[in-house]
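A.B. asks: sequence first, predicted coordinates after that:
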Amino acid sequence: MKRTLGCCYYPEHWPESQWPEDARRMAEAGLTWVRIGEFAWSRLEPAPGDYRFDWLDRAIETLGAAGLRVVLGTPTATPPRWVVDRHPDMLALDEQGRPRGFGSRRHYCFSHTGYHQECARIVTQLAQRYGGNPHVAAWQTDNEYGCHDTILSYSDAARRGFRTWLRARYGGGNAGDIGALNAAWGNVFWSMEYDDFDQIDLPNLTVTEPNPAHVLDFRRFASEQVVRFNRLQVDILRAHTTAPIAHNYMGKITDFDHFAVGDDLEIASWDSYPLGFLEDRVQADPAYKRAFAQQGDPDFQAFHHDLYRAVGRGRWWIMEQQPGPVNWAPYNPAPLPGMVRLWSWEAFAHGAEAVCYFRWRQAPFAQEQMHAGLLRPDSQDAPAIVEARQVAQELAKAPEVGTAQAPVALVFDYQADWMWAIQPQGRGLEYFELVFQTYRALRRLGLSVDILRPGASPEGYSAVFAPGLMHLPEASKAALCSGKAVTVLGPRTAARGDSFAIPVPLPPALPGLNVTVSRVETLRPDMPRALAGGGHAQLYIEELEGSAEPVLNTQAGDSIMVAKDNLAYLGAWLDAQGMDRVVQWACDKAGLQTLALPEGVRRRFDGTHTYWFNHTPERAEVAGLVLEPISVLRT
Amino acid sequence: MKRTLGCCYYPEHWPESQWPEDARRMAEAGLTWVRIGEFAWSRLEPAPGDYRFDWLDRAIETLGAAGLRVVLGTPTATPPRWVVDRHPDMLALDEQGRPRGFGSRRHYCFSHTGYHQECARIVTQLAQRYGGNPHVAAWQTDNEYGCHDTILSYSDAARRGFRTWLRARYGGGNAGDIGALNAAWGNVFWSMEYDDFDQIDLPNLTVTEPNPAHVLDFRRFASEQVVRFNRLQVDILRAHTTAPIAHNYMGKITDFDHFAVGDDLEIASWDSYPLGFLEDRVQADPAYKRAFAQQGDPDFQAFHHDLYRAVGRGRWWIMEQQPGPVNWAPYNPAPLPGMVRLWSWEAFAHGAEAVCYFRWRQAPFAQEQMHAGLLRPDSQDAPAIVEARQVAQELAKAPEVGTAQAPVALVFDYQADWMWAIQPQGRGLEYFELVFQTYRALRRLGLSVDILRPGASPEGYSAVFAPGLMHLPEASKAALCSGKAVTVLGPRTAARGDSFAIPVPLPPALPGLNVTVSRVETLRPDMPRALAGGGHAQLYIEELEGSAEPVLNTQAGDSIMVAKDNLAYLGAWLDAQGMDRVVQWACDKAGLQTLALPEGVRRRFDGTHTYWFNHTPERAEVAGLVLEPISVLRT
Amino acid sequence: MKRTLGCCYYPEHWPESQWPEDARRMAEAGLTWVRIGEFAWSRLEPAPGDYRFDWLDRAIETLGAAGLRVVLGTPTATPPRWVVDRHPDMLALDEQGRPRGFGSRRHYCFSHTGYHQECARIVTQLAQRYGGNPHVAAWQTDNEYGCHDTILSYSDAARRGFRTWLRARYGGGNAGDIGALNAAWGNVFWSMEYDDFDQIDLPNLTVTEPNPAHVLDFRRFASEQVVRFNRLQVDILRAHTTAPIAHNYMGKITDFDHFAVGDDLEIASWDSYPLGFLEDRVQADPAYKRAFAQQGDPDFQAFHHDLYRAVGRGRWWIMEQQPGPVNWAPYNPAPLPGMVRLWSWEAFAHGAEAVCYFRWRQAPFAQEQMHAGLLRPDSQDAPAIVEARQVAQELAKAPEVGTAQAPVALVFDYQADWMWAIQPQGRGLEYFELVFQTYRALRRLGLSVDILRPGASPEGYSAVFAPGLMHLPEASKAALCSGKAVTVLGPRTAARGDSFAIPVPLPPALPGLNVTVSRVETLRPDMPRALAGGGHAQLYIEELEGSAEPVLNTQAGDSIMVAKDNLAYLGAWLDAQGMDRVVQWACDKAGLQTLALPEGVRRRFDGTHTYWFNHTPERAEVAGLVLEPISVLRT
């Protein structure tokens, strides 16, 4: 696999006279890819049907002539004002019922059919014109689905769509079977029974919490709307091009099923902003945030790399890589010198095909003017381009590589995230965090990890971890429980049926493991329960019944983790020390060797080499190696 | 008085074939009562006028046949969807003007006359059919008035109702006297004068705070709407049954006058969720919350027991008793073993006639699926039923008791709570908390307490405490000041007139005590003022003038509490040590013996026996007694 | 200059029989001024066109007869209900789109032309009747523009007004040039280009942040609406009176340009509530707030005194002086004894012509009933009147004074405040705070300060500080850089063009100083960077390039402040120690002597005398002087 670099560029922002020089400098820096077009609708079609592709023709030609390969984005994340004027009800409504208006981006409801038609039209135009263009070597649909909390819309269009969706789901056909829905949701509770699908509202603005089954179906519907929206574009593009199609996902967006969207794409890509994410999206105490404020979390990007490798079925990119301070986090420091290189290599170590920096030149105007680029607004080199050039040179000399299957798998299920969000049962309990803390523990012990989508085969893995799968269809459950891998399930595995009801017999009802969750407690964060032997259970704790053998007990003697043979069930949320013990237990059982890494040091084996990353500004020693401050080492 | 147990049951949630076995097990566990029906409207009347009582007939018959007595609830807390479709404007609007929609419960505005008619109809049907049923031994109106912040509605119906109410209040007749209202409210201030009642809006969404007199009248109106709504049902039921009628109040709901609602009922009942309340509604520091996270606050339930004994004029129940983890608090741990028994006995010690556990079996679907029951969803015994059986056996062997008047009375006034909420003058100053901290001090010193409604006679009490009565009609003031009891008033006693104006002469203007509040200060929580002799004044402090004798002074020499003979005025919010000194002073004066109890240990004398409760997981010694961890002792 | 006292009075709140006695007591206390009328519209015009001036005639006559001089307020801050009924769309809408209703005050949108007409009418009536009244010696327009966050309105009237304003700004004429607007705002970014001015909405409720250029123009428009609204009244008054016209600004309101409003007035006045401001508006840690909870911040009032001296071009008053506890801060303690006197003298030391106490008598009704007055509600002396009398006596014996130009100037620019608010780039970064911390440092070193409006000449000053001027027109830049004063600019100086774009060459582009901001970082508050030699840079730090000489470096060696000759650029937000070093550097350079004052001690030189203020309850010694606790000393 050839590993390449690129950047994001907006020719429409700059005088045409500047394009050739920009292109020349990109190529000179060692960049291969340049992504363009994804916000340019108002310049491509300034008025309905008034297409202006000439400038884009010339931009592509200029870039291509410099030896660059173009990723062309569809501009549907930023419908121009006239589109909104034609479809005033295309705006999403937020949970409070307020329209989310024109004036920034992503101002559309995924369920609006009129907007679907506008998108189909502009995408068709682009596909027809550039589908065969030799410089257009990849496509991107839209931009960052879900960014700015834009998946869930409470508009009339969404309400209509949801009713139609429910009709199809319950009883089939146009008529639907409202009785089936009432039964599935348990609407007898609180007299919430409906007589007709057209009585069903979206689950916002209820007096107290709505029925979780109602919300779950709405979340599924909303996710499917994204899949449908994306597929509409993919189908059009496919008819006109053989270039691969990607979407650039955003970090820690879980409101739609990325796997399902990814099934329609050739390449998954994601937008990696390590410093912004640390301040804005990583849960950590202040000391930890201080320690990594200028490096980013040592596991957060890696997690997403592994996630999108799964979403892309092996093919994945970074479409936007942070090159310096950003504009959107609570605080926006600069990366430490060397971090842009480290981040780039980290992506490649996890199998990225390409790393594209966002953006070529810092924009002097509008919303993102404080977002650094490879160049400053005055076209001088910004610090990042120096590191990008270094990576380009290193890549040229680096050995060719593939990506091997990791020894350990970790299951990630978007639906589980929705279900935990709908019913956390304790403040702050998030599925993403549960999985991520498991991932952290695996990484602390030096393991390389593959992320699996729900239902994926665990075959070939020595150990499989699947925390928090609140709904687990029987077939998936059977596959997980009957594999050869050491498998750790729980907490909350199979705790709910397809319509969010507690199953009887009680969960987890695992074949081959006699354990029943007889009761659930959630705890104040200041009330952890000590485990015998070290570590704590905290926040979420299940009472376990049954004859399975205890693996971890509280000091009070309650079983927290039980096992039989290769199958284990963990009935609690553990702290880091506790999670380390779980991982070590599984690795011992699976015959996997672990290596406890110092804080901020991580490694990744890609099948050929091991890459060592030191995210700290101090020298580190591990396994006989010396890692310089902020450094990458390949062994 | 015979003391009994019961549970809450939803036959409509379970297959009819399961009912007999459920009934058998209830009776076997020693339960007497089973409350049903209060959320079943969509099954009782699935379409307008289409009544389906057959299943309820059979359910009552099945339960009755097992020896159980039924409490039948009116289902008006959960109007079905078709009711809302008939009356789209029946929804309450929240303070921000958003409709509070269908999809959970309590989605109605108390002022909507169309909804009144729907309620009258279904209650009439139920009363006619079951008023004479031998198994229906009590009734419950609606469910938890005020839960989910549902008393204050800003709907058109409320606006119309409020205008009518104001017309009647000011000047009488349909015309009203808008000048009287303007004068009473002081509307000359800021040119807020009205020309007509129809110009008066509800006091939400003003630019800055609305006139406190405006808000107070709105709060009175809103409270009266509840009384009227409840009375509508009671009047109908009375015409058809001789069984007692109850309502199940919810803990720490103060938005309507429970005494006024209670005047129309035979029995007051309340829903006791000690662990949920501790996390969600008790003000305490984290260490305290940790210490009692699995037991609940040692005083919070007792306070409500005493309150509802007053509301029910002696007759009161627990209609819903927490049996295990609940679903709605920020964190939801399990009760420590023995706590369900302790809670039950505590209620009986405070004079409860019945304690009903909520609910019989944990529901596997809908909003409350994480709320424990006496049974698990799989019908196995949950831990609570074991303790309930023990209580039932203990009750069978326990002596008959009555309830004696306590030596100490504490006045609680819902209107005072509204007034403090309207004008706290310092962040976080709540009337409920002020009264509750007084109650805590009384309990710390081992006293049994009666709660008095405002205006109730203090006769027969040795000591009376009446903190925070912001408006105190002259007759009540005279009664309080002329009684034989040692009486402690203040702070803020009689600080406002009937329309929220400061009276002249300045407050408190007490007959027989020369004290004037010349100025009020509120303080940062980190700026308490030390009292000479121990304790602190904090948060709210009055400057006292006059010739009354000082009882407590600050170290700086300012009087904080003054007295003459049996009448004292306390001009500050005190900390616990300060409150203990106030109570001790009053008890010394009244010749009442106190006993300082260890933290978490409480006692209650019911006229015959003293009950000792140890809420801590450690053994306690007090007054020569040894109290086992989590235990009840009767002496 | 004669220095006088006064108070605010509401004859319409009290029986007419009480007026003469009130007037007598005011005069007896030594008051000169009495402000009346500003909330009395419903009494002046109870129905459209039904004017009732007779009572006001008598009130003015009564006050005048007692020797008092009247400040007459226009009542436009409190339009009566009937005005709102005539113009239901005159209400402002908040950022969430909710109307800000009748029932308190300031319930109008500055852009509503119908309301303009109502105001013009009532002001004309008042001007005609009282413009020549010998007792009416000054006028006040409206009351506290901007209080309760009332400058920014998102109403239809505002939207219409904004579009008209934009048309005029871009391209001139009625047509406007939408292309010019698109280019200026950079609307090509995210396809935000407009085809017509009528497509432009107000910048609220966008999906993510709106274009900063869009918001900046809206903020300018909103500020100009206030200027226009005020000028409408001033023009009418001028036609009928020669008395000076004032407006009473409120502390720390920055949503409109006070200088621009002030240009139409003779006198600037402000409303000084030291204790309320400390709790509600001063950023400080709890220990500091505790230390000054009953005195107010030692610099906050002084800053406003100096600010309004600039706004009033030398003529300024305190129109409302806190006399005791107020009703609106989170906590409302009483001032320490002596503070009312201290505040009064502090104002005079900073050049105030008059200090008026708010209010004469505490109101027993409506919203401000907990706001102390000079009298209690029962007409007894409150503590403040005793101190006011003392000040009156002291004034009578005090020497006549003027106000000298201070040696140091500090530039304050309302537009800069909007720009920082629009793009803070780090949480909590506020321009006001940046300037105020500079002011604090100047005061800590004993300096008297003049505040300059942007563009004002620095002539005559030894040192000029101009932090944070994000947009700095070229002429102003040239004036600042070419003056003789030691001048300290930055951070963020000239960082944006007129339409919020980053200029190229990069900022600050100062004539005579070779420095370029190559990158900006914002930092977590817990990540300050130590300076070599003491102090820290924090929160906001620029990377500086260029050949200018370093003045301050971080311990890591990065330049934080650079200079050439008299011109310095500071590229960071510093802590107090760092700011002290900056000020000391400038003073050394300028040959100004500094004196480090103890905490809570401040001085002010008025050209004739030095006034020393001890805000602490302990004795202080400084410069050989002994300052008694809570005291004023003139030397």
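C.D. replies: Nice, I can see it. Keep in mind it's a predicted model, so treat the numbers as computed, not measured.
A.B. asks: find the closest residue to chain C in chain A.
C.D. replies: A:Phe365 (2.7 Å; CB to the nearest CB). Using the backbone N, CA and C atoms, a C-beta is placed for each residue, glycine as well.
A.B. asks: in a helix, that residue, correct?
C.D. replies: No. Per DSSP: H, G, I helix; E, B strand; the rest coil, A:Phe365 lies outside any helix segment and is coil.
A.B. asks: now it: closest residue in space, sequence neighbours ignored.
C.D. replies: C:Gly186 (2.7 Å; CB to CB, 6 or more residues apart in numbering or on different chains).
A.B. asks: A:Leu552 too?
C.D. replies: Per CB to CB, 6+ apart, closest to A:Leu552 is A:Met561, 4.0 Å.
A.B. asks: where does that neighbour land in three-state SS?
C.D. replies: strand.
A.B. asks: distance of A:Tyr9 relative to B:Thr522?
C.D. replies: Distance of A:Tyr9 to B:Thr522, computed by CB to CB, to the nearest Å: 59 Å.
A.B. asks: what's the burial count for A:Asp588?
C.D. replies: Using other CB atoms under 10 Å in any protein chain shown, A:Asp588 has 12 other residues around it.
A.B. asks: buried stuff in the strand or helix carrying it?
C.D. replies: In this assignment (DSSP states H and E), A:Asp588 forms part of helix A:576-590. For helix A:576-590, burial by neighbour count (16 or more other CB atoms under 10 Å in any protein chain shown) applies to A:Gly578, A:Met579, A:Asp580, A:Arg581, A:Val582, A:Val583, A:Trp585, A:Ala586, A:Cys587, A:Lys589, A:Ala590.
A.B. asks: filter the residues you listed down to the ones close to chain B.
C.D. replies: Taking CB under 8 Å from any CB of the partner chain as the test, chain B is in contact with none of those.
A.B. asks: out of these, who's nearest B:Phe613?
C.D. replies: Distance to B:Phe613 across these (CB to CB) is lowest for A:Gly578, with 35.4 Å.
A.B. asks: for the stretch 351-500 of chain A, just list every one of the strands.
C.D. replies: A:354-357, A:408-411, A:449-452, A:463-466, A:486-489 (DSSP state E, counting those that start in this stretch).
A.B. asks: wait, what's in contact with the residue of chain A closest to chain C?
C.D. replies: C:Trp185, C:Gly186, C:Phe189, C:Ala213, C:Ser499, C:Phe500, C:Ala501, C:Ile502 (CB atoms under 8 Å, 6 or more residues apart in numbering or on different chains).
A.B. asks: ok, A:Asp575 next?
C.D. replies: Contacts of A:Asp575 (CB under 8 Å, 6+ apart): A:Pro528, A:Gly535, A:His536, A:Ala537, A:Gln538.
A.B. asks: surely the first one touches A:Ile541?
C.D. replies: Same thing as A:Pro528. No. Judged on CB atoms under 8 Å, A:Pro528 makes no contact with A:Ile541 at a distance of 9.6 Å.
A.B. asks: out of these two, which sits in the busier spot?
C.D. replies: More neighbours surround A:Ile541 than the other of A:Pro528 and A:Ile541, with 26 against 19 (other CB under 10 Å).
A.B. asks: skip the chain neighbours and tell me the closest residue to the more buried one.
C.D. replies: A:Ala572 (4.5 Å).
A.B. asks: can I get the contacts of A:Phe365 in a markdown table including neighbour count and distance to A:Cys356?
C.D. replies: Listed next are those as a markdown table, based on neighbours: other CB atoms under 10 Å in any protein chain shown; distance: CB to CB, whole Å:
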| residue | neighbour count | distance to A:Cys356 |
| --- | --- | --- |
| C:Trp185 | 26 | 27 |
| C:Gly186 | 24 | 23 |
| C:Phe189 | 24 | 19 |
| C:Ala213 | 27 | 28 |
| C:Ser499 | 20 | 30 |
| C:Phe500 | 26 | 28 |
| C:Ala501 | 20 | 25 |
| C:Ile502 | 19 | 23 |
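A.B. asks: now, those that are in strands?
C.D. replies: Assignment to strands by DSSP state E places none of the contacts of A:Phe365 there.
A.B. asks: contacting residues for A:Gly428?
C.D. replies: A:Pro525, A:Leu539.
A.B. asks: repeat the analysis, applying 7 Å as the threshold.
C.D. replies: By CB atoms under 7 Å, 6 or more residues apart in numbering or on different chains, the contact set of A:Gly428 is empty.
A.B. asks: same check, this time on the one 10 residues further on
C.D. replies: Each residue near A:Thr438 by CB under 7 Å, 6+ apart is listed here: A:Leu410, A:Phe465, A:Pro467, A:Met579.
A.B. asks: show me which of the residues you listed neighbour chain C.
C.D. replies: Among the contacts of A:Thr438, not one lies near chain C by CB under 7 Å from any CB of the partner chain.
A.B. asks: closest to B:Asp177 among the residues you listed?
C.D. replies: For the contacts of A:Thr438, the minimum distance to B:Asp177 (CB to CB) is 68.5 Å, reached by A:Pro467.
A.B. asks: now the element after the helix holding A:Asp588, going C-ward?
C.D. replies: In N-to-C order, the element after helix A:576-590 by DSSP H and E is strand A:601-605.
A.B. asks: what residues does the stretch 101-250 of chain A put near chain B?
C.D. replies: A:186, A:188-195, A:199, A:201, A:203, A:205-214.
A.B. asks: mind listing what the residue of the stretch 401-550 of chain A found nearest chain B touches?
C.D. replies: Across the stretch 401-550 of chain A, the shortest distance to chain B (CB to the nearest CB) belongs to A:Ile502, at 3.9 Å. Residues near A:Ile502 by CB under 7 Å, 6+ apart: A:Ala495, A:Arg496, B:Pro364, B:Gln369, B:Pro377.
A.B. asks: what's the closest non-adjacent residue to it?
C.D. replies: Closest to A:Ile502 by CB to CB, 6+ apart is B:Pro364, at 3.9 Å.
A.B. asks: what about that neighbour, neighbour count?
C.D. replies: 19.
A.B. asks: wait, isn't it in contact with A:Phe500?
C.D. replies: No. Using CB atoms under 7 Å, B:Pro364 is not in contact with A:Phe500, being 9.6 Å away.
A.B. asks: from what I can see A:Leu5 touches A:Gln390, true?
C.D. replies: No. With contact defined as CB under 7 Å, A:Leu5 does not reach A:Gln390; the gap is 10.7 Å.
A.B. asks: who's more crowded, the two?
C.D. replies: Between A:Leu5 and A:Gln390, counted using other CB under 10 Å, the more crowded position is A:Leu5 (23 against 15).
A.B. asks: now do the strand or helix carrying that one: everything it contacts.
C.D. replies: Assigned by DSSP H and E, A:Leu5 belongs to strand A:4-8. The contact list for strand A:4-8, computed with CB under 7 Å, 6+ apart, reads A:26, A:30-35, A:320, A:353-360, A:374, A:388, A:391-392.
A.B. asks: returning to what we had before: tell me the two of the contacts of A:Thr438 that are most distant?
C.D. replies: A:Leu410 and A:Met579, at 12.0 Å, using CB to CB across the contacts of A:Thr438.
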